[in-house]
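Participant: Provided below for reference: sequence and predicted model.
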Amino acid sequence: MYTKTMNLELKCVWSPGPIIIGAGPSGLATAACLERNGVPFLILEKESCLASLWKLKTYDRLKLHLPKESCQLPYMPFPQEFPPYPTKQQFVNYLETYANRFSIEPMFGVEVWRANYDATMGFWRVCANDSQILCRWLIVATGENAVPALPEIDGLGDFKGRLLHSSGYKNGTEFNGRKVLVVGCGNSGMEVSLDLCNSGAQVSLVVRRKLHILPREVLGRSTFGLATRLMKWFPVRLVDWFLVLCSWLVFGDMSRLGLTRPEIGPLKLKNTIGKTPVLDVGSIAKIKSGEIKVVHGIQRFTSNGAEFVDGKIEEFESVILATGYRSNVASWLKEGYFSSQTEGNPINEFPSNWKGKNGLYSVGFTGKGLFGSSIDARKIADDITRQWKSDFSPNGLNY
């Protein structure tokens, strides 16, 4: 057993190729691209399995929010028999098949607790468990969703009922007949609320801010797919106008439901502050019918419920925090490229976010989901491959 604060002699290991930290979709995509280019790599994963977020910390009813064509990893499409929006288990099966096809064998149970660049040696020092690994290239693939983001709300610690983050929610079976407050109205909050409602729970959903809610499909076509095609021909403002029009035609005026749209369009909002629009899978119908109750802002929690900003006090048996995730890279990577001021994400924005200095790379921090990860993975693998071939060419320096 090791202790991070103790001055221990760490076992020193040399990795001739890059080290990839994280065996989720981003790490697997990068590993596959490197393997295809003939570059060796070492992939480290602190959990006991690949794609741990998908396997261990997602709810049962989860499906890909975007069409499978937008979510496939490099060099391997989804099976043709998969539905347009694969289920959680289908996606996990796809990732396991992907790892097998490209001979990706992560080292599980290996947690990186410090990584820093040694300018004197010209290598990265990666401290993981009781070892120190030296490498020339370091690829951060832990993603934007590494650890749960927990809100700071007055009295949260005083609540005596059941309190859990959505990462610990599986399904609504055990909440049948119970009063549940869901905090957070992104895609997870909306879907958890829908699942709870379908399971017989009495659901209240906290909506604090304006948000865009779009139909997942328009006329049988993916809304995302339509937007992507339109972006090739029209400016963002016109595509945003089209998306808002589709939302209004499908859902009508949602302000009477307590749901108001931002003044900025959904695509521009996503590009500027990373706020993802909600793709509805049935929650709006439940809100319209009154089966999901919308409430605005929590003033404070009480021992058995919550007081809202309008002064109303209500009792709840359970609270589910669907407040998302955040990056934790800034806590262990001792370089300024990943800053706590950028919520643990790269300082450079898309499309330049994938490459830092001194052989540092990042994948999965684009804010563009699996599609963005695949773009990053190819760029990183090609960039490292050029250096690898140069070093091992007759005129290069063989490390």
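Facilitator: Perfect, I can see it now.
Participant: CA only for contacts and neighbour counts going forward, please
Facilitator: Noted.
Participant: helices or strands up against the top helix by length along the chain?
Facilitator: Determined from DSSP state H, the single longest helix within the chain is helix 369-391. Contacts defined by 3 or more CA pairs under 8 Å, 6 or more residues apart in numbering; DSSP states H and E place helix 369-391 against helix 25-36.
Participant: Could I get the buried residue list for the helix it packs on?
Facilitator: Buried residues in helix 25-36, counting neighbours by 16 or more other CA atoms under 10 Å, are found at 25-35.
Participant: circling back: for the longest helix of the chain, buried residues please.
Facilitator: Going by 16+ other CA under 10 Å, helix 369-391 has these buried residues: 369-382, 384-385, 388.
Participant: I'd like the distance between residue 152 and residue 274.
Facilitator: For residue 152, the distance to residue 274 equals 21 Å [CA to CA, to the nearest Å].
Participant: Among those two, which residue is more densely surrounded?
Facilitator: residue 274 (14 against 8; other CA atoms under 10 Å).
Participant: can you list contacts of the helix or strand residue 245 falls within?
Facilitator: Assigned by DSSP states H and E, residue 245 falls within helix 236-251. When contacts are defined by CA atoms under 8 Å, 6 or more residues apart in numbering, helix 236-251 is touched by residues 213-215, 218, 223, 227, 230-231, 265-268, 284.
Participant: Could you identify the helix or strand that succeeds it?
Facilitator: helix 266-273.
Participant: tell me the average confidence for that following helix?
Facilitator: Helix 266-273 shows an average pLDDT of 82 in the prediction.
Participant: same for that helix, what does it pack against?
Facilitator: Helix 266-273 sits against helix 236-251, with contacts defined as 3+ CA pairs under 8 Å, 6+ apart.
Participant: Give me the mean pLDDT for the helix it packs on.
Facilitator: Mean predicted lDDT for helix 236-251 stands at 92.
Participant: going forward can the numbers begin at 42, since that is how I track them
Facilitator: Renumbered: residue one is now 42, and that last one reads helix 277-292.
Participant: Could you list the low-pLDDT ranges of the protein?
Facilitator: Applying pLDDT under 70 to the chain flags the ranges 42-50, 377-393, 433-440.
Participant: And the helices in it, which stretches?
Facilitator: 66-77, 93-97, 129-142, 228-239, 264-272, 277-292, 307-314, 324-330, 410-432.
Participant: For residue 182, give me its contacts.
Facilitator: Counting by CA under 8 Å, 6+ apart, residue 182 has contacts 61-65, 67-68, 403-405.
Participant: Before I go, just wanted to say thanks for your time.
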